[in-house]
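Participant: Sequence first, predicted model second:
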Amino acid sequence: MDVVCRPTGLYTSRKRYRSVSCICRASHPKASECFPQHDPRKQVVAESIRGVADFPKPGILFWDVTTLMLDAQAFQTCMDLLVERYEKEKIDAVAGLEARGLVFGAPLALALKCSFVMLRKPNKLPAEKVTESYDLEYGSDRIEMHRDAIQPGQNVLLVDDLIATGGTMAAGVRLIERVGAKVCECACVMELPDLHGRDKLAGKSVFVLITSGEEAKQV
């Protein structure tokens, strides 16, 4: 998961980013209020995601996708949109980033009839691993993958729930490419474009369902 404004998780600073300050007036704002969508199905997804103000500390807005998973219709709609994007593409494996990328990546891999690869936090995988580190504002972290999970030359779709600063996603790309595979695209449910996470992905294609719009920035 990306690190935004120091803590780890789906965080957005209300002090630094005007694009989300508008929804901090409510205790449980909806993503649709700050991420307006024109596709009715995407609106269903956006309306199911809540923002929790002042979590995990004052001044931070946490985008909580657990409410999306509690809504069966919204969760199914989310997965349908992702499947439609990739069902005609040649994808050998879907790789999901811990933690919430695993939730969206596994059912997507099943629907695409391809293998699912877990990119996990340190010391979670038992067999021989490859590791990639990435920088945090204070210190660093790393993700790991079983060395035999992906084969050289395979086309891999990298999945997470949100792209913010892009550090974790970029580490996932490097990890997959280290074993000789190709990242065909990076897919996320949400994006905070003000944080310029795409800039860290070395030109990789990025697909997102929900992105902040000009209406939100002007509030």
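Facilitator: The structure has been received and is ready for your questions.
Participant: Please make it C-alpha for all contacts and neighbour counts, starting now.
Facilitator: Will do.
Participant: Tell me, how many residues neighbour R142?
Facilitator: R142: 17 surrounding residues under other Cα atoms under 10 Å.
Participant: Across the sheet, point out what pairs with it.
Facilitator: Legend: beta-bridge partners of R142 under DSSP bridges are S133.
Participant: Please look at it and L119 and confirm they touch.
Facilitator: No. At 9.9 Å, R142 does not count as touching L119 under the criterion of Cα atoms under 8 Å.
Participant: Need the pLDDT of G139.
Facilitator: Predicted confidence (pLDDT) for G139: 73.
Participant: what number of residues lie near it?
Facilitator: Neighbours of G139 (other Cα under 10 Å): 7.
Participant: Could you give the number of residues near L136?
Facilitator: Applying other Cα under 10 Å, I find that L136 has 18 neighbouring residues.
Participant: do you know how far it is from T168?
Facilitator: As judged by Cα to Cα, to the nearest Å, L136 and T168 stand 10 Å apart.
Participant: outside of the helix or strand containing M79, which residues touch it?
Facilitator: Taking DSSP states H and E as the definition, M79 sits inside helix 72-86. Under the contact criterion Cα atoms under 8 Å, 6 or more residues apart in numbering, helix 72-86 has outside partners 41-42, 44-45, 48, 68-69, 104, 107-108, 111-112, 189, 209.
Participant: neighbours around the closest residue in space to R41 that isn't next to it in sequence, how many?
Facilitator: Distance criterion Cα to Cα, 6 or more residues apart in numbering; nearest residue to R41, sequence neighbours excluded, is T77 at 6.6 Å. T77: 18 surrounding residues under other Cα under 10 Å.
Participant: Likewise for R198?
Facilitator: 22.
Participant: Who are the contact partners of it?
Facilitator: 163, 165-166, 204, 206.
Participant: Closest to R178 out of those?
Facilitator: K204 (15.4 Å; Cα to Cα).
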